[in-house]
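Asker: After the sequence you'll find the predicted model.
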Amino acid sequence: EYNKPKSIQTSNHIYRSLPLYMYMKTFHPSKAYLAVRLVAIAILYVLTASAVIMVVPVDSSSAEGNAAVAVESSRTCDATLVHQGMEDYGAMVRTVRLYLIRHGETESNYSGHVLGQRESPLTGKGHEQARLAGTSLSGVYFWRSYSSDLHRAEKTAKYILSTNGKESDVLRIDSRLRERAKGVREGRHKSLSREECLTIWEKENNSVNLPFEEDDDMVWKRFVDWLQSEVLHSVNESAGSPCETGIEEKSNVNVLVVSHSGTIRIILNKFKNIIEQQEQIINEEDKTIYSHQTELVSKDMTIPNTSISVVDISINASSLKNVQSDRGTSLFDNCLISFKDLINDNHLVT
């Protein structure tokens, strides 16, 4: 040390902050001594690097690892992996599993007439369909049960719950789950086009006010309003109260929803659009890795009576507090949607 200029004397400090070439330029000992010093410096560098590696261990739950888990979970549609990937980011994630079920057969279904928001009683076959659907769901615990306010849906839901063994559960009736309003086609035979129904209606009515008719966006808006206010926020607020809900913080929440063919068709098509957007964001290069059943969903898909469609919504619960007023566009920004089963009517096969 005393042979080096004072400006670069290191006392007891390791030479890790001193470039090797600078040290060699300022210190000129014998060749043998230089060799010994070079070996010593090399050893010190190795020990220093080892110490740094020991101080900074590899964290298997790093952000990179979490991102990989989240992407893999979305590919496999595995709710457990989805939870892991989202929770590692500090989010509280819950999965709401919707059981979307169409009502049993009605007299108008049997005769081939369009119902819309009109009433029609269940047939004997419709009653049996509802009972069979309940039996097929006997192993499912429903956190909550909902029905459209139309009688055929309510009756079907009660049959399902009684056969399912949950007859004592409260059935919540909600008009936001009712069938799509079909205007002049309501009460007419399915073989008639809208234009033909309009002509008939104009001949029979003097009023210029046409019967109420809904488009896809109107039905979707009321469904999303129901989903957010009645289900997602309730799950978020009450999951910490097991006495009230009977669920644990990270459990799947099963929700029974008995509705109608037109409404369920719109819901599934809207969810399909969201799933496809999520897939594009997650992986823009490989579109073949996903196992969703989106190819089964179309605007003219058939929804048989009491068929069961199951949709998972995995959501970052903390983000619900920040959802904007425009629920239709912002609610699903922090969700992962997946189809678990679609239009399943195996319970009707004899």
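Answerer: Structure's in. What do you need? Residues are numbered from 1 along each chain as shown.
Asker: Find the least confident helix or strand in the protein, judged by mean pLDDT.
Answerer: Of all helical and strand segments in the chain, the minimum by mean pLDDT, DSSP states H and E falls on helix 63-76, at a mean of 34.
Asker: Next, count neighbours for L210.
Answerer: The tally of other residues near L210 (other CB atoms under 10 Å) stands at 12. C-beta: built from backbone N, CA, C; applies to glycine.
Asker: From what I see, it and A181 are in contact.
Answerer: No: using CB atoms under 8 Å, L210 makes no contact with A181, being 10.9 Å away.
Asker: how about the helices in the stretch 251-350 of the chain?
Answerer: Here the stretch 251-350 of the chain has its helices, by DSSP state H, counting those that start in this stretch, at 261-282, 327-330.
Asker: Indicate which one of those helices is closest to R152.
Answerer: With CB to CB, the closest approach to R152 among those belongs to helix 261-282: 11.2 Å.
Asker: Check what contacts that closest one and list those residues.
Answerer: Applying CB atoms under 8 Å, 6 or more residues apart in numbering, the contact partners of helix 261-282 are 71, 74-75, 100, 102, 116, 148, 177-180, 182, 216, 219-220, 223, 259, 287, 290, 292, 294, 297-299, 301-303, 309, 311, 332, 335-339, 342.
Asker: likewise stretch 153-170?
Answerer: 101, 103-104, 121-122, 126-127, 129-135, 137-138, 140-142, 144-148, 171, 173, 177-178, 256, 258-260, 306.
Asker: average pLDDT across it?
Answerer: Stretch 153-170 comes out with an average pLDDT of 85.
Asker: same check, this time on stretch 225-244
Answerer: The average pLDDT within stretch 225-244 is 70.
Asker: again with stretch 275-294
Answerer: Across stretch 275-294, pLDDT averages out at 63.
Asker: Which SSE is immediately downstream of whatever helix or strand T156 lives in?
Answerer: Counting by DSSP states H and E, the element that carries T156 is helix 151-164. Going down the chain from helix 151-164, the next helix or strand is strand 171-173, by DSSP H and E.
Asker: returning to what we had before: filter the contacts of stretch 153-170 down to the ones in strands?
Answerer: Of the contacts of stretch 153-170, the ones assigned to strands by DSSP state E are 101, 144-147, 171, 173, 256, 258-259.
Asker: Just give me the closest of those to T199.
Answerer: Closest approach to T199 among the ones in strands among the contacts of stretch 153-170 (CB to CB): S259, at 30.6 Å.
Asker: need the contact list for that closest one.
Answerer: Counting by CB under 8 Å, 6+ apart, S259 touches 100-103, 147-148, 153, 177-179, 267.
Asker: That one and C335, how far apart?
Answerer: Noted for S259: a distance of 20 Å to C335, by CB to CB, to the nearest Å.
Asker: Then L171?
Answerer: Computed as CB to CB, the L171 to C335 distance reads 26 Å.
Asker: where does the stretch 251-350 of the chain dip in pLDDT?
Answerer: For the stretch 251-350 of the chain, the stretches with pLDDT under 70 are 251, 281-293, 316-330, 350.
Asker: cutoff 50 now
Answerer: Within the stretch 251-350 of the chain, the segments meeting pLDDT under 50 span 287-291, 323-329.
Asker: Comparing the helices of the stretch 251-350 of the chain, which comes out most buried?
Answerer: helix 261-282 (a mean of 19; mean count of other CB atoms under 10 Å).
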